[in-house]
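Peer 1: only geometry, no sequence info:
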């Protein structure tokens, strides 16, 4: 049985993702698509969400589905339906797919969003 070929990204979603990664609007985080950052609110005398951090895949998820209908905080990879929509599909029978590679650049190599965007622009 031959391995399925990795799809090329949908050019429209790729362009939107690159713009978002380069925009400075997203604070970079690690290990999850999105993570809430909590701070103390003296008026409420309680903690509340003050900001959010995103991994590079979380930025894509936010671009495609900003209301989070098809993905959740705490997930570490794109849901299959969302990955399919943008053409960022891995063979989930093996490790080392494109999502794992991008997550590694973000989480372990600690590449900036701008450097990841340059990689995506060139290779995906």
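Peer 2: That came through fine. In this text the structure is predicted, and so the values were computed from the model without any measurement.
Peer 1: What are the buried residues along the helix or strand containing residue 119?
Peer 2: Per DSSP states H and E: residue 119 is located in helix 113-123. For helix 113-123, a neighbour-count test (16 or more other CB atoms under 10 Å) marks 113, 116, 117, 120 as buried. (C-beta placed from N, C-alpha, C; glycine too.)
Peer 1: I'd like to know which elements that helix is packed against.
Peer 2: The contact analysis (3 or more CB pairs under 8 Å, 6 or more residues apart in numbering; DSSP states H and E) places helix 113-123 against helix 11-23, helix 56-64, helix 98-107.
Peer 1: model confidence over the second one, on average?
Peer 2: Helix 56-64 comes out with an average pLDDT of 96.
Peer 1: now whichever helix or strand comes after that helix: how far from the chain's centre is it?
Peer 2: Counting by DSSP H and E, the next helix or strand C-terminal to helix 56-64 is helix 80-86. Centroid displacement of helix 80-86 relative to its chain, using CA atoms, centre = their mean, to the nearest Å, is 12 Å.
Peer 1: Which secondary structure elements does helix 80-86 sit against?
Peer 2: Under the contact rule (3+ CB pairs under 8 Å, 6+ apart), helix 80-86 is packed against helix 11-23, helix 56-64.
Peer 1: contact partners of it?
Peer 2: 9-10, 13-14, 17, 60-61, 64-65, 70-71, 77-78, 89-90, 92, 99 (CB atoms under 8 Å, 6 or more residues apart in numbering).
Peer 1: Make a ChimeraX selection of the buried ones in these.
Peer 2: Those of the contacts of helix 80-86 that count as buried under 16+ other CB under 10 Å are selected in ChimeraX with:
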select :9,10,13,14,17,60,61,64,65,71,77,78,89,90,99
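Peer 1: before we move on, back to that, the helices and strands packed on helix 80-86: which one's closest to residue 39?
Peer 2: helix 56-64 (20.0 Å; CB to CB).
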